[in-house]
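S.K.: Make a model of this:
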Amino acid sequence: MPRQYPIEKNRDIGIIAHIDAGKTTVTERVLFYTGISHKIGEVHEGEAVMDWMAQEKERGITITSAATTCFWTPRNYLSKEPGQYRINIIDTPGHIDFTVEVQRSLRVLDGAVVVFDGVAGVEPQSETVWRQADKFKVPRICFINKLDRVGANFEKSFESILQRLTPKAVALTIPIGLEEKHQGLIDLITMKACGFKGDYGEKVTQEEIPEELKKESEDYRNRLLERIADQDDQIAEKYLEGKEIGEEEIRKALRRATINYQLVPVFCGSALKNKGVQILLDGVIDYLPSPVDLPVIEGFDPRDETKQLTRENKDEAPLAGLVFKIATDPFVGQLAYLRIYSGILTSSSYVLNSNTGKQERIGRLLRIHADKREEVKEFYAGDIGAAIGLKETTTGDTLTSPQEPIVLEKITFPEPVISIAIEPKTKADQERMGLALKKLAEEDPTFQVRGDLETGQTIISGMGELHLEVIVDRMLREFKVGANIGQPQVAYKETVKKTAEAEGKYIRQTGGRGQYGHVWLKVEPQERGQGFAFVNEIKGGVIPQEFIPAVEKGVREAIDKGVLAGYQLVDLKATLYDGSFHEVDSSEAAFKIAGSIALQAAVKQADLVLLEPIMKLEVVTPEQFMGDVIGDLNAKRGKINKMEDRGDGLNQVKVIDAQVPLANMFGYATQLRSMTQGRATFVMEFGHYAEVPKNVVEGIINK
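M.R.: Predicted coordinates for the structure are as follows:
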């Protein structure tokens, strides 16, 4: 079946933002205006189409990124014809515990819409998602939402984007009225006032700009033209000569500048009150790239990692697709969400997983609409969808044609920072729990499961308390597993600060053949985040080559168990540089034990310290509770970085930016509520690992 939509009429976009900025509400309006849903689902009523998991409906937040496809023609608002452009949308979560969903979605998207709350402007999580978009070089447009709320301020929100995120932002629309007087907006390209009539704001009207807003509109338009003239010589020439610049000219120049990330267009409105979303949709088509606007895809040859390869965004090129998410479905088993970068993927065909080197058979291909599916025969370059039938493929794997393999850049995920012990309630639960945890860990790379050999418990680790709470809830609902949960534990790490050397000897003489292993190891610190490295510097065969892997295995096992308090050792290098062996008695087992003994002895002399996760915290509180909040943070070993005001008049609040050890932050939501009569809010995300003070270490070791 030939392509219905040419590749240049495809847009693969994500909607990203801080928690509660209104991403899902924006997506719901998009689905309504593009004719995909015939009723608007409201998040606060638990009816949003894109929040389809039971946990999402109850909490009113997005937990997993949902994918959907819709169609749109710019400036053709009331047409009943299907749209001329296909938009693949991924609605991502805003809560920091689910940051992995944002990261993997951005990796496969060509453009992003960043949503801001018109009262708060740029918030901490807005900065995090913005940095993630920078990392993947994703062109973006902004939407300042919620301008109908009390305390909404377009200018301040726009200013916060310029100051805290990027000086490249340019306003394309400005609001007519704010708070309960928010009636519509002014389009600075057409210089018309846009109204949104009808039950759901579906009729977009264009009228003359009200007299009192003419001056402000002209100022904003001049600023816009100046910024475009800086990037485009032809427009600069016309602008300086005072000639009229056509609407299409402005749009074309702005599109080039947006795709090259020289400018970031900013739209505004209120999704909840049905104002401004159609204009935003026009912006998605006008300014965000199609797959052909992007540079060729880069990767390397799995047979020779030094050989760089590229793929063009074309159907005719060899197949290359990236799996960015695995989801378990109760009806069809495992779904692998993937983005096709080049070539055509056909159902029932064979592909190569170039990360594992194994061939996989594609069963069925599905175009996903939140929790509904449509089966298709083929995916073309630029498509996003899901495949059924992949047995050995995980998040971040590349699927390619067996004849011309390529490995695309893998997605790296943050390490979990919090753990809890979990036990099945009954014997029947025990069998199901293993299966449930395995499936959940396959879906979510930031969720890890391990057994604690000393206590016999299962330990699960994740990005925060909410993350683990949702996992346990899903186990109960989706897999019918009842479980008891222990207290949350911090994922401490151990490391060394100095260089040291030590000997490891394992000699046993029993009745028959003895055991002999003897090594010398040097350990030295590495930079934070560098992890562990094992270096073999054995010369002249003082230890035969076949025993070296056994030494490394012994060293790695000792590192996982830790020495100081049983936590994993990180950021150090262990060098094997000497030793000896016995012709008859040496064995792999003996060298493995010798490696473990040497590592433990060396790190004890190398100034061993404990590291703890330090969280970045932002607390928003009314002024009268500020003293209590700061006093409490100081008592938690917190460090206040800065304080500032947000809002004005009756809506003015204080914003405290701090760094606090995770160990002291369990249950903080309840403490903060009781301290501030429920009026303060906070967001917390992982910052970095830092050394635990000496006076605290003893308590952790004794535990």
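S.K.: domains of this structure?
M.R.: 7-293, 297-408, 418-491, 495-606, 612-702 (automatic domain parsing).
S.K.: how about the strands in the stretch 51-200 of the chain?
M.R.: Along the stretch 51-200 of the chain, the stretches classed as strands by DSSP state E, counting those that start in this stretch are 66-72, 85-91, 111-117, 140-145, 169-171, 173-176, 184-187, 192-197.
S.K.: beta partners of A320?
M.R.: Beta bridges link A320 to S342, T400 when assigned by DSSP bridges.
S.K.: On the pLDDT front, check it for me.
M.R.: With respect to pLDDT, A320 has a value of 93.
S.K.: Give me whichever of the strands of the stretch 51-200 of the chain is most buried.
M.R.: strand 140-145 (a mean of 28; mean count of other Cβ atoms under 10 Å). C-beta here means a position set from N, CA and C on the backbone, and glycine is covered the same way.
S.K.: Give me the sheet partners of that one and which way each runs.
M.R.: When sheet partners are counted by DSSP bridges, strand 140-145 sits next to strand 111-117 (parallel), strand 264-268 (parallel).
S.K.: between those, which one is nearest to P693?
M.R.: Comparing the strands paired with strand 140-145 against P693 with Cβ to Cβ, the closest turns out to be strand 111-117 (37.3 Å).
S.K.: Restricting to C-alpha, output the closest one in PDB.
M.R.: Extracted in PDB, the C-alpha atoms of strand 111-117 (Å, rounded to 0.1, in the frame of the first residue of the first chain):
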ATOM      1  CA  GLY A 111      10.200  18.600  17.500                       C
ATOM      2  CA  ALA A 112       8.700  19.500  20.800                       C
ATOM      3  CA  VAL A 113       6.000  21.800  22.200                       C
ATOM      4  CA  VAL A 114       7.000  23.000  25.700                       C
ATOM      5  CA  VAL A 115       4.000  24.000  27.800                       C
ATOM      6  CA  PHE A 116       4.300  26.600  30.600                       C
ATOM      7  CA  ASP A 117       1.900  27.600  33.400                       C
END
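S.K.: Residues touching that strand, excluding its own?
M.R.: Taking contacts as Cβ atoms under 8 Å, 6 or more residues apart in numbering, the residues outside strand 111-117 that touch it are 11-18, 20-23, 26, 106, 122-123, 126, 129-130, 133, 138-146, 149, 157, 160-161, 280, 284, 288-289.
S.K.: cool, and stretch 72-89?
M.R.: Contact with stretch 72-89 is made by 4-5, 9-15, 27, 30, 33-35, 67-71, 202-204, 278, 281-282, 284-286, 383-384, as judged by Cβ under 8 Å, 6+ apart.
S.K.: From one end of it to the other, what's the distance?
M.R.: 12 Å (Cα to Cα, to the nearest Å).
S.K.: same question, stretch 135-152
M.R.: 30 Å.
S.K.: Kindly report the same for stretch 402-413.
M.R.: 28 Å.
S.K.: what's it in contact with?
M.R.: Here stretch 402-413 has contacts from 100, 103-104, 107, 297-303, 309, 311, 318, 320, 322, 324, 341, 350-352, 354-355, 359, 395-396, 398, 400, 445-446, using Cβ under 8 Å, 6+ apart.
S.K.: Rounded mean pLDDT for it, please.
M.R.: Rounded mean pLDDT across stretch 402-413 is 81.
S.K.: Stretch 559-579 now?
M.R.: Mean pLDDT, computed over stretch 559-579, is 89.
S.K.: For the strands of the stretch 51-200 of the chain, give me a markdown table that also has mean pLDDT and distance to A229.
M.R.: What follows is the strands of the stretch 51-200 of the chain, written out as a markdown table (pLDDT from 0 to 100; distance: least, Cβ to Cβ, whole Å):
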| stretch | mean pLDDT | distance to A229 |
| --- | --- | --- |
| strand 66-72 | 78 | 29 |
| strand 85-91 | 83 | 28 |
| strand 111-117 | 92 | 24 |
| strand 140-145 | 94 | 20 |
| strand 169-171 | 95 | 12 |
| strand 173-176 | 94 | 20 |
| strand 184-187 | 93 | 19 |
| strand 192-197 | 91 | 22 |
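S.K.: E375: which of the ones you listed is closest?
M.R.: Nearest to E375, of those and by Cβ to Cβ, is strand 66-72 at 13.4 Å.
S.K.: what are the pairing partners of that closest one, and which direction each?
M.R.: strand 85-91 (antiparallel).
S.K.: Please point out which parts of stretch 160-171 sit buried.
M.R.: For stretch 160-171, burial by neighbour count (16 or more other Cβ atoms under 10 Å) applies to S160, I161, L162, L165, K168, A169, V170, A171.
S.K.: closest to N274 among those?
M.R.: Distances from N274 to the buried residues of stretch 160-171, taken by Cβ to Cβ, are shortest for A171, at 20.9 Å.
S.K.: From I459, how far out is the nearest residue to the closest one once chain neighbours are set aside?
M.R.: Using Cβ to Cβ, 6 or more residues apart in numbering and skipping the chain neighbours, the partner closest in space to A171 is V266 (4.9 Å). Between V266 and I459 the distance is 45 Å, computed by Cβ to Cβ, to the nearest Å.
S.K.: for I19, same thing?
M.R.: Remark: distance between I19 and I459 (Cβ to Cβ) = 27 Å.
S.K.: Which one of the two is surrounded by more residues?
M.R.: Comparing I19 with I459 by other Cβ atoms under 10 Å, the one with more neighbours is I19, at 20 against 17.
S.K.: Would you confirm that that one contacts P124?
M.R.: No: judged on Cβ atoms under 8 Å, I19 makes no contact with P124 at a distance of 9.8 Å.
S.K.: got any residues that touch both of those two?
M.R.: With Cβ under 8 Å, 6+ apart, I19 and P124 have common neighbours V683.
S.K.: could you show me where the helices are in the stretch 601-703 of the chain, in order?
M.R.: Assigned by DSSP state H, counting those that start in this stretch, the stretch 601-703 of the chain shows helices spanning 626-635, 668-675, 694-702.
S.K.: so the shortest one versus helix 626-635, what angle?
M.R.: An angle of 150 degrees separates the directions of helix 668-675 and helix 626-635 when computed by axes from the mean of the first three to the mean of the last three Cα atoms, to 10 degrees.
S.K.: In the stretch 101-250 of the chain, where is pLDDT below threshold?
M.R.: Applying pLDDT under 70 to the stretch 101-250 of the chain flags the ranges 101-102, 104.
S.K.: For the nearest residue to V296 once chain neighbours are set aside, give me its contacts.
M.R.: Closest residue to V296 apart from its sequence neighbours, by Cβ to Cβ, 6+ apart: T310 at 4.3 Å. Going by Cβ under 8 Å, 6+ apart, T310 touches V296, I297, E298, G299.
S.K.: How about the contacts made by the second one?
M.R.: Shown here is I297, whose contacts under the criterion Cβ under 8 Å, 6+ apart are T310, R311, E312, N313, A320, Y341, S342, L408.
S.K.: Check the last one too.
M.R.: By Cβ under 8 Å, 6+ apart, G299 lies in contact with Q308, L309, T310, R311, A320, T398, I406, V407, L408, E409.
S.K.: Let me know the closest of the contacts of T310 to R367.
M.R.: Distances from R367 to the contacts of T310, taken as Cβ to Cβ, are shortest for I297 (21.8 Å).
S.K.: Which strand residues bridge that closest one?
M.R.: Note on I297: beta-bridge partners by DSSP bridges are R311.
S.K.: what do you get for T69?
M.R.: The partner residues for T69, given DSSP bridges, come to N88.
S.K.: That one and K642, how far apart?
M.R.: Separation of T69 from K642 (Cβ to Cβ): 43 Å.
S.K.: Report the contact partners of the residue nearest to D148 when sequence neighbours are not counted.
M.R.: Closest residue to D148 apart from its sequence neighbours, by Cβ to Cβ, 6+ apart: S270 at 4.1 Å. Taking Cβ under 8 Å, 6+ apart, we find S270 in contact with G118, N145, K146, L147, D148, R149, H182, G276.
S.K.: To K539, which of the strands paired with strand 140-145 lies closest?
M.R.: strand 111-117 (53.4 Å).
S.K.: In this structure, where's the longest strand?
M.R.: strand 608-621 (DSSP state E).
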